[in-house]
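Enquirer: Everything below, folded, please.
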Amino acid sequence: MFGKYKKTSISLFCIAVLMISCQSSGKDEKKPGAPGGNRPPAKVDAFVVTPKVLSQDIEMPGSIIPAEETELHTEVSGRVTGIYFIEGSNVAQGAVLVKLYDGDLQAQLNKLKVQLKVAEETLQRYEALLKINGVSQQEYELYKLSVNNIQADMSIVQTSISKTSLRAPFSGRLGLRNISNGAYITPATTISTLRKLSQLKIEFTVPEKYGSGMKVGNKVAFNIDNNEQTYMAKVMATENNISEESRSLKVRAMVEKPDAKLIAGSFVKVKIELGQNDAALMIPSQAVIPQARNKQVIVYRGGTASMETVTTGIRDSAMVEITSGLKTGDTVLITGLLTTKQGAKVILNKVNNP
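Expert: Residues are numbered from 1 along each chain as shown. Below is the predicted model of the structure:
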C-alpha cells in the first residue's frame with residue numbers, strides 16, 4: 001500500500017515539473033522586433049547619381065612665403081659689444097649687424113705681427129748669407145718654414161676675429177631684436193630673423209591625381225582676402241614625393257609681380273585651370289566613407305545595401321567628384337552610414353534627385 005502511494009506521488013511531481021517547463025518555454029519565445037530578433041529595415045536618405053557639367057578648375061589653399069628666410073645666429077660665443085641694426089629695417093648683403101668682444105684675439109694678432117716682422121728681417125739676412133755660403137740651404141729653409149708658420153697662425157686668428165662679426169647673408173628686412181648690448185650669447189641664441197621680400201613665393205598642395213600636371217614653368221593665379229586683384233605665379237618646383245598622410249603633392253611658385261599688399265605668411269586661394277568635364281558624377285561629400293586604403297560608398301540595390309569602392313576627384317564645400325566605382329543612375333546612401341552593413345535591408349525615406 002505504501003509503495004503504491006509513493007509511485008503516485010513521484011508521477012504527480014514529474015507532471016508538475018513538465019508543466020512549469022512548458023510555461024517557461026512559452027515565455028522565452030522571442031517576439032518580432034525584440035532584442036536579438038530580426039531587426040526591421042532601416043529608413044535612410046539617398047542621392048541619385050546624375051551627370052553634371054563640371055568646370056575642372058580647382059581652388060586650393062596656400063600661403064605666401066619669402067623667397068629667402070633665415071634666423072640669425074653668431075658662429076661663436078661671446079659678449080655683445082655692438083648692435084648695428086634697427087628692428088624692422090632693411091639691410092644690404094654683407095652689412096655688419098652684431099659685434100662680439102674680440103680684444104683677446106686682437107692682442108694675439110698684434111703679437112704675431114711683431115713676430116712676423118722680426119722673422120722676415122732675419123730671413124732676409126739668412127738669404128744674404130746663403131748667397132755667400134754663410135749658412136746652409138737647410139738652415140735657410142727651416143727659418144723660412146718658421147715665417148710661414150707665423151703667417152698661418154695669423155690667418156687662423158684673423159678668421160676667429162671675423163667670426164665675432166655677424167653679417168647679413170643677403171639683402172632683406174630684419175625682424176625683432178632678441179638681444180641687448182652686454183649680453184653673453186652662444187650660437188644657439190636667435191638674434192633676429194632676416195627675410196628677402198623683394199621676391200615672394202606661394203606654397204600650396206594639389207591632390208595626387210593632379211600632381212603630374214604641375215610642371216615647372218606653368219602659371220597659376222591666386223587671390224588674397226580683402227583684395228580683388230588677381231596675381232600670377234610661375235611654378236618653380238614640386239616636392240619629389242606624394243605625402244602619405246594627405247595623398248597630395250606640395251608645390252612652390254614664384255610670384256611674378258609682388259607688391260606691398262602681399263605679406264609673407266598671408267593666406268591665399270590658388271586657382272588652377274584643368275579644363276571642363278561635361279559628364280562629371282558628383283555626390284554629397286558625406287556619402288563617402290574613408291577607409292585605410294581606399295574610399296567606399298553604400299549603393300542601394302533592390303532593397304539592400306552594397307558597399308562599393310570608389311575613386312574621388314575634385315571636391316568643393318559640399319560635393320565630390322567620383323571618377324570610378326559608380327555609374328549614372330546609381331542611388332547612394334547619405335544617412336545611416338555608420339549602422340548600415342553590407343547586404344543589410346534598407347528602406348528609402350527621402351531621395352534627392354538633382
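
Enquirer: helices or strands up against the longest helix seen in the chain?
Expert: The residue-count maximum for a helix in the chain (DSSP state H) belongs to helix 103-131. Judged by 3 or more CB pairs under 8 Å, 6 or more residues apart in numbering; DSSP states H and E, helix 103-131 is in contact with helix 137-162. (Each C-beta comes from the backbone N, C-alpha and C, glycine too.)

Enquirer: Counting by contacts, list what the helix or strand residue 58 falls within packs against.
Expert: In this assignment (DSSP states H and E), residue 58 forms part of strand 51-72. Counting contacts by 3+ CB pairs under 8 Å, 6+ apart, strand 51-72 packs against strand 192-207, strand 248-255, strand 267-284, strand 304-315.

Enquirer: May I see the buried residues of the third one?
Expert: Yep, that's strand 267-284 we're talking about. 268, 270, 272, 274, 277, 280-283 (16 or more other CB atoms under 10 Å).

Enquirer: can you check the shortest one too?
Expert: Taking 16+ other CB under 10 Å as the neighbour-count basis, strand 248-255 is seen to contain the buried residues 248-255.

Enquirer: Okay, and the beta partners of residue 251?
Expert: residue 204, residue 238 (DSSP bridges).

Enquirer: Ranking helices and strands of the protein by mean pLDDT, which lands last?
Expert: helix 2-27 (a mean of 50; mean pLDDT, DSSP states H and E).

Enquirer: Where does pLDDT dip in the protein?
Expert: In the predicted model of the chain, residues 1-38, 56, 275, 354 satisfy pLDDT under 70.

Enquirer: repeat that for 50
Expert: For the chain, the stretches with pLDDT under 50 are 1-8, 17, 22, 24-37.

Enquirer: quick one, domains of this structure?
Expert: If you go by automatic domain parsing, the domain ranges for the chain are 42-56+278-352, 59-67+196-275, 74-99+165-190, 102-163.

Enquirer: now the end-to-end length of the longest one.
Expert: Taking CA to CA, to the nearest Å, the first and last residues of domain 42-56+278-352 lie 18 Å apart.

Enquirer: now swap in the last one and tell me
Expert: The stretch domain 102-163 measures 10 Å between its terminal residues, going by CA to CA.

Enquirer: so how far is stretch 290-309 off the chain centroid?
Expert: 31 Å (CA atoms, centre = their mean, to the nearest Å).

Enquirer: Check which residues of it are buried.
Expert: Neighbour counts over stretch 290-309 (16+ other CB under 10 Å) mark 295-300, 305 as buried.

Enquirer: Show only the entries of these found in strands.
Expert: 295-300, 305 (DSSP state E).

Enquirer: of those, closest to residue 216?
Expert: Proximity to residue 216 was ranked across these by CB to CB; first place goes to residue 295, at 30.9 Å.

Enquirer: now, among the ones in strands among the buried residues of stretch 290-309, which is nearest to residue 154?
Expert: residue 295 (69.3 Å).

Enquirer: so what's the closest one up against?
Expert: Residue 295 makes contact with 288-289, 309-312, according to CB atoms under 8 Å, 6 or more residues apart in numbering.

Enquirer: 7 Å instead?
Expert: 288-289, 310, 312 (CB atoms under 7 Å, 6 or more residues apart in numbering).

Enquirer: Quickly check the ones in strands among the buried residues of stretch 290-309 for the two that are furthest apart.
Expert: 295 and 300 (17.9 Å).

Enquirer: picking that back up, got JSON lines for the ones in strands among the buried residues of stretch 290-309, with distance to residue 136 too?
Expert: As requested, those are arranged in JSON lines below (distance: CB to CB, whole Å):
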{"residue": "295", "distance to residue 136": "88"}
{"residue": "296", "distance to residue 136": "93"}
{"residue": "297", "distance to residue 136": "96"}
{"residue": "298", "distance to residue 136": "100"}
{"residue": "299", "distance to residue 136": "101"}
{"residue": "300", "distance to residue 136": "106"}
{"residue": "305", "distance to residue 136": "104"}
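
Enquirer: starting at the chain centroid, how far to stretch 286-295?
Expert: 22 Å.

Enquirer: buried stuff in stretch 44-64?
Expert: Going by 16+ other CB under 10 Å, stretch 44-64 has these buried residues: 44, 46-47, 49, 54, 58, 60, 62, 64.

Enquirer: Need these in a markdown table (columns: distance to residue 242).
Expert: Shown next, in a markdown table, are the buried residues of stretch 44-64 (distance: CB to CB, whole Å):
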| residue | distance to residue 242 |
| --- | --- |
| 44 | 35 |
| 46 | 34 |
| 47 | 30 |
| 49 | 28 |
| 54 | 24 |
| 58 | 16 |
| 60 | 15 |
| 62 | 17 |
| 64 | 24 |
